[in-house]
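1. this one's sequence-less:
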């Protein structure tokens, strides 16, 4: 369920360590470091296209606790700079189970540079974290929010900031997907500089929140784009926002994400 670029956090819990009436939970829960089972790889020709796929199952279960099952398939085709992630999460138990889901897509240098632009979907925005106010003397919230769409050279004095982007209806396309794009007009490739962009698309009905982790620090130079159905303050805090999302026994929900390099 995890990798260098994509890490899935959640199933029972996502976000900061938390304690509630059901027990205690570590950072982002257990699913992101639980090995998958029933792993399979396929390649086949469909008409004139070479299709590939990798699938597997991750289960997060506990005695007298929730029993959630994630079935994942990654697919693509030869010559297409696109990876599609299709997930299904099922409550395989006999009691209602809370379900928190957050996808980390982490990007760094050389995609991130002083000329990089981050194109975000239409959303109601909120900011939190130690870097939210007072950073470089900026205290106006409009200026802090404007930083979400910019990048800069590494700076050891910069603290991390988390942005919440609650999707608006106009952010959702005819396929029910929302998207964000990272564009660098001066990406080093083939001994020259040229434009490169990475676009992340996701199913907006099941992932209505984009969490953006912004950390342009020296030695810790990373941008996280994180489609989610929850915030990152932990399971107990999620109750203040009307959550967490619940799955009834035998109920399932699906997620679709696409990563496109252009």
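-> Here it is on my side, so go on. This structure is a prediction, so every number in the text was calculated from the model and none was measured.

2. where do the helices sit along the stretch 151-262 of the chain?
-> With helices called from DSSP state H, counting those that start in this stretch, the stretch 151-262 of the chain shows them at 235-238.

3. is residue 70 bridged to anything, and to what?
-> As for beta bridges, residue 70 partners with residue 58, residue 89 under DSSP bridges.

4. where in the protein is pLDDT low?
-> 1-6, 16-31, 129-144 (pLDDT under 70).

5. please name the nearest non-neighbouring residue to residue 151.
-> Spatially, and ignoring its direct neighbours in sequence, residue 151 is nearest to residue 116 (4.1 Å; CB to CB, 6 or more residues apart in numbering). Using the backbone N, CA and C atoms, a C-beta is placed for each residue, glycine as well.

6. residues contacting that neighbour?
-> Counting by CB atoms under 8 Å, 6 or more residues apart in numbering, residue 116 makes contact with 150-151, 182-184.

7. ok, now how distant is the closest residue to residue 163 other than its chain neighbours from residue 91?
-> Closest residue to residue 163 apart from its sequence neighbours, by CB to CB, 6+ apart: residue 212 at 4.1 Å. Distance, residue 212 to residue 91, using CB to CB, to the nearest Å: 29 Å.

8. got it, and residue 80?
-> Taking CB to CB, one finds residue 80 at 34 Å from residue 91.

9. please identify which of these two sits among more neighbours.
-> Between residue 80 and residue 91, counted using other CB atoms under 10 Å, the more crowded position is residue 91 (22 against 13).

10. just to be sure, residue 104 is in a helix?
-> No: Residue 104 is assigned strand when assessed by DSSP: H, G, I helix; E, B strand; the rest coil, not a helix.

11. tell me what the nearest residue to it once chain neighbours are set aside is bridged to.
-> In space, and not counting its chain neighbours, residue 104 is closest to residue 7: 4.2 Å by CB to CB, 6+ apart. Going by DSSP bridges, residue 7 is paired in beta bridges with residue 2, residue 104.

12. my read: the residue nearest to residue 163 touches residue 165, true?
-> Yes: at 6.4 Å, residue 212 and residue 165 qualify as touching, with contact defined as CB atoms under 8 Å.

13. give the intersection of the neighbour lists for these two.
-> Both residue 212 and residue 165 are contacted by 120, 148, under the criterion CB under 8 Å, 6+ apart.

14. ok, these two, which is more surrounded?
-> residue 165 (25 against 21).

15. bridging residues for that one?
-> If you apply DSSP bridges, the partners that residue 165 bridges to are residue 125, residue 210.
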